[in-house]
Structures are given as structure tokens and as C-alpha cells.
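Engineer: Next comes the sequence, and after it the predicted model I'd like to discuss.
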Amino acid sequence: MGAHGRWDGSVGLRWSGFLAPRTRGCRVLLVILFNILFAAVCPAEEWRAARPDYPWTFPQDHWAREGYRTEWWYFTGQLCVEGDSTRWFGYQFTFFRVGTLRERPDLASDWAARNLIMGHAAISDLSGGRHLFSEVLYREVPLLAGFNAYPDSLIAWSRGPAGTDGAWALRWNGGAFDFEMRDDAQGAAFRLSTRPLKPLIFEGPNGYSRKGEGPTAASQYYSFTRLRTEGTLSLEGRTWRVRGESWMDKEFGSNQLGKDQVGWDWFSLQLDDGREVMLYLLRDAAGEVDFARGTLVTATGEARYLTREAWRVQATATWKSPHTGATYPARWVVELPGEGLRLEVAPELADQENRGRLAGGLFYWEGAVSVKNSGGARIGRGYVELTGYGTKNRPGI
């Protein structure tokens, strides 16, 4: 899944680049008014649902797919500094398209918009023991943000955070993706280019990824599970040349999370033997697993779809955030008996919690992890995403 966000009507009230009132009372009132208007003009059934017979077309489907309420382009990876094998960084880069209206309003104004664009980016300095998170949220209007159409190489873009003279951007480079972000206030930036080491795979038959028992509880979902990655990364005035491997997810749909589901645990693991493992567990309010699926990608690029019975994840430790009070699982044993795998997964850095100010103050844990065998030898790297922990923190998708 690899994505997250409070994507109900309230997200539209924190419009960057728009003069929104700063008092809490005004924001609450605007949230209420926006939710009323949203429900009136755009009933949920008007949004397209994911379908098992979706007619994929590439490369066009790398661009925005209008008509679905939520869509995201998601990248994570671990990168090593060129010339220094001891210096490692983890990173995340995500663009979200958040649909507010199925059709653009019929208004003679450049400010008439049907989408929001939200960006999340993070850098984990695995050697220095620090984690930085940056975010943007804009309406899809000229000068602020937009989604371009195929075959324009620019897929999505937005202005940077307030005080940053530069844009965030995602581009198609003919084989995979280039992307960049910067946050001058935090002294953080990266510009990365990727190339596929393995072909695209679907997560679920024909990219139909079930998230529950109902036929529409699903998304259209594909991944590049191993991308060669290189570029530059900057922190606090210092810039490094970096290289490594990344994972890319693209999902779009309209009602992936059921009303009784509160969040998910998601794993993307790249093993040194050439295999990759993707697993997700959707949780209910009691913390029990409500629905789960997975994919194992062989060294030759074949996707094998895993039912809930084919694998087990056991959390063996927890970490409590001193910032939000949320308690997250923090170490796991992952077993795939049919594949002969028993993996010990652990965070490379304890505090990799992303804490946002926009979109209602969403927070979640998104971090670089190590993968070891039962003997303690490193056999891979990966990323884990944990959403819906803490109070009033359910992703609204």
C-alpha cells in the first residue's frame, strides 16, 4: 500500500497558498462547511471503484487517473554516500492526488480546482541518528501545483513549502522516474533518478489489490520493486552524491479502507538473493488483523500472490513516540513457510515518525529497516509503514 493520509473533506481547509484563517475556531468552522458542501456536490458513489478487469495501458497509467478519489506515487529507498560505505540515508517521497470533485467546476476562473496535491518527503540520516519530515498541500491551480497529461514527461509538481524557492516534481524519464524535493527551512533536499532493475509487477491479479471482503474494497496497484537510484541529497548545507536501490508503488482507488478498519502495517523488503516481499495487514479498532495479503517477487521477476494463510508477522517489540504518545510495533519476525523464509526485521532508527502540520496533523511511522536471518546476518533492506496508531489518527481513504 505504501501510502497514508487523512483524505476526507477536511483536508481542503489547509490550502497552502490560500489565505486560510489561522485560529483554531475558524478552521473547525471551515472544516464543517467544507464537509457539508463536499457531501452535497459529490456523493461517494460517483467516484470510480477499482475493478479486476481494469484495462492497463503503459506508460500512460503512470500519469494521473482522474475519476478516482485518491491516488499516490510512492518511493522509498536506502542510499549510500559515494566513496563512504559507512554513511547511509533512508528516504521517502510521495505525491498524493486527493479528489474533491469528479469534474472541474464550470467557472471562468483559474482557481477552480477538482484536486488537491499533497506531498510528503522524509530523510532518515541512519548514520547520524536523525529523521526529517517535510510536507506540502496545495490546490491544483496554476502557479501552485498540477498534474500534467501524457506524454508530457512532468507527471506531477507543486511549489515547495513556505519559504522555499523551488518546486517538488515527479517526472517520467523513459524507463522509470526522476523526482526532487527541497525544504529550505529544514535545510533538506534531494534530487534522484531511477532505472528499473526488474520489470513492473502487479500487486494482485491484474493489479486488483483487495483490501477487504467487499468487491469495491480494493485499489489498482502496481510496483517497481527494485529501482537503481542515484543523485544528490543535502542536509544542513552539506550535499552528498548517493546511490542505492528504491521501491516504487502506484495506487489509485476510491474506497480502499473499510469503516471498521483503522490503519495498516505495510512491509516492502528487498532481499540480497534478488527476491522482494510486499505484505500488508489492515487492522480493526481492537488492533486485530482484519484483512491481509502479500506478494513475493522471485529473482527473475515473477509475482507470486500470497493469501493471509501463507505468511505470518509477529511483532516482538514496541516503540512509544515521545512526540505523539502513539505506540508502534518496532521489531518483527516475518515467516513465509512456503518460500523457506524466516526474516527478522528491525528499524535502522527508532524515531522515524512523520508528524505533519497540514491535513489535520496526521502522523505515522515510515522507516528504513534491516532484514536479517535467524543467525543475525544481514540479508536485505526495506521499509515499513505503520498508520492509524495513536488516537483519532485513522487514514480517511
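Structural biologist: Perfect, thanks for sending it.
Engineer: longest strand of the chain?
Structural biologist: strand 218-235 (DSSP state E).
Engineer: Give the pairing partners of whatever helix or strand S193 lives in; include direction for each.
Structural biologist: Assigned by DSSP states H and E, S193 belongs to strand 188-196. When sheet partners are counted by DSSP bridges, strand 188-196 sits next to strand 177-183 (antiparallel), strand 218-235 (antiparallel).
Engineer: after the longest strand of the chain, next one along is what?
Structural biologist: Counting by DSSP H and E, what follows strand 218-235 is strand 238-253.
Engineer: Now do the next helix or strand after that following strand: distance to the chain's middle.
Structural biologist: The first helix or strand that comes after strand 238-253 along the chain, using DSSP H and E, is strand 261-271. Offset of strand 261-271 from its chain centre (CA atoms, centre = their mean, to the nearest Å): 11 Å.
Engineer: Could you check how sure the model is about strand 261-271, as an average pLDDT?
Structural biologist: The pLDDT scores in strand 261-271 average 97.
Engineer: what is the orientation angle of that strand with strand 238-253?
Structural biologist: Relative orientation of strand 261-271 and strand 238-253, computed by axes from the mean of the first three to the mean of the last three CA atoms, to 10 degrees: 130 degrees.
Engineer: Given the helix or strand following strand 261-271, what are its sheet partners and their directions?
Structural biologist: Moving toward the C-terminus from strand 261-271, the next helix or strand (DSSP H and E) is strand 276-284. In the sheet, strand 276-284 lines up against strand 261-271 (antiparallel), strand 289-297 (antiparallel) (DSSP bridges).
Engineer: Now tabulate those strands in CSV and tack on mean neighbour count.
Structural biologist: C-beta: built from backbone N, CA, C; applies to glycine. Formatted as CSV, these follow (neighbours: other CB atoms under 10 Å):
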stretch, mean neighbour count
strand 261-271, 23
strand 289-297, 20
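Engineer: So, low pLDDT: which residues of the chain?
Structural biologist: The chain contains residues with pLDDT under 70 at 3-45, 108-109, 396-397.
Engineer: Try it again at 90.
Structural biologist: Scanning the chain for pLDDT under 90 picks out 1-46, 101-114, 213-216, 255-260, 359-361, 391-397.
Engineer: Hmm, G382 is touching D272, no?
Structural biologist: No. Contact criterion CB atoms under 8 Å: G382 and D272 do not qualify, at 11.3 Å.
Engineer: More neighbours: which of the two?
Structural biologist: Legend: neighbour count by other CB atoms under 10 Å for G382 and D272, higher for G382 (26 against 11).
Engineer: Just the CA atoms of stretch 213-223, as CSV, please.
Structural biologist: The C-alpha trace of stretch 213-223 is given here as CSV (Å, rounded to 0.1, in the frame of the first residue of the first chain):
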residue,chain,number,x,y,z
GLU,A,213,-14.2,-8.8,1.6
GLY,A,214,-16.4,-6.4,-0.4
PRO,A,215,-15.9,-6.2,-4.2
THR,A,216,-15.2,-2.5,-4.2
ALA,A,217,-12.8,-2.6,-1.2
ALA,A,218,-9.8,-2.5,-3.4
SER,A,219,-7.3,-0.4,-5.3
GLN,A,220,-5.5,-0.6,-8.6
TYR,A,221,-1.9,-1.3,-7.6
TYR,A,222,1.4,-1.9,-9.2
SER,A,223,5.1,-1.7,-8.1
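Engineer: What lies in contact with that stretch?
Structural biologist: Outside stretch 213-223, the residues that touch it by CB atoms under 8 Å, 6 or more residues apart in numbering are 1, 49-51, 54, 56, 61, 65, 68, 200-204, 207-212, 247-256, 258, 268, 278, 291, 295.
Engineer: Dump the strands paired with strand 188-196 to JSON lines, plus mean neighbour count and distance to G360.
Structural biologist: Listed next are the strands paired with strand 188-196 as JSON lines, based on neighbours: other CB atoms under 10 Å; distance: least, CB to CB, whole Å:
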{"stretch": "strand 177-183", "mean neighbour count": "23", "distance to G360": "20"}
{"stretch": "strand 218-235", "mean neighbour count": "21", "distance to G360": "22"}
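Engineer: wait, what's in contact with the closest residue to R308 other than its chain neighbours?
Structural biologist: In space, and not counting its chain neighbours, R308 is closest to A292: 4.2 Å by CB to CB, 6 or more residues apart in numbering. Residues in contact with A292 (CB under 8 Å, 6+ apart) are L279, Y280, L281, L282, R308.
Engineer: residues touching the second one, list them.
Structural biologist: Shown in contact with Y280 (CB under 8 Å, 6+ apart): M1, W264, D265, W266, F267, A292, R293, G294.
Engineer: quick one: which of the strands paired with strand 276-284 is nearest E366?
Structural biologist: strand 261-271 (9.2 Å; CB to CB).
Engineer: just to revisit the earlier point, turn the strands paired with strand 188-196 into a markdown table, including distance to W73.
Structural biologist: Shown next, in a markdown table, are those (distance: least, CB to CB, whole Å):
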| stretch | distance to W73 |
| --- | --- |
| strand 177-183 | 8 |
| strand 218-235 | 11 |
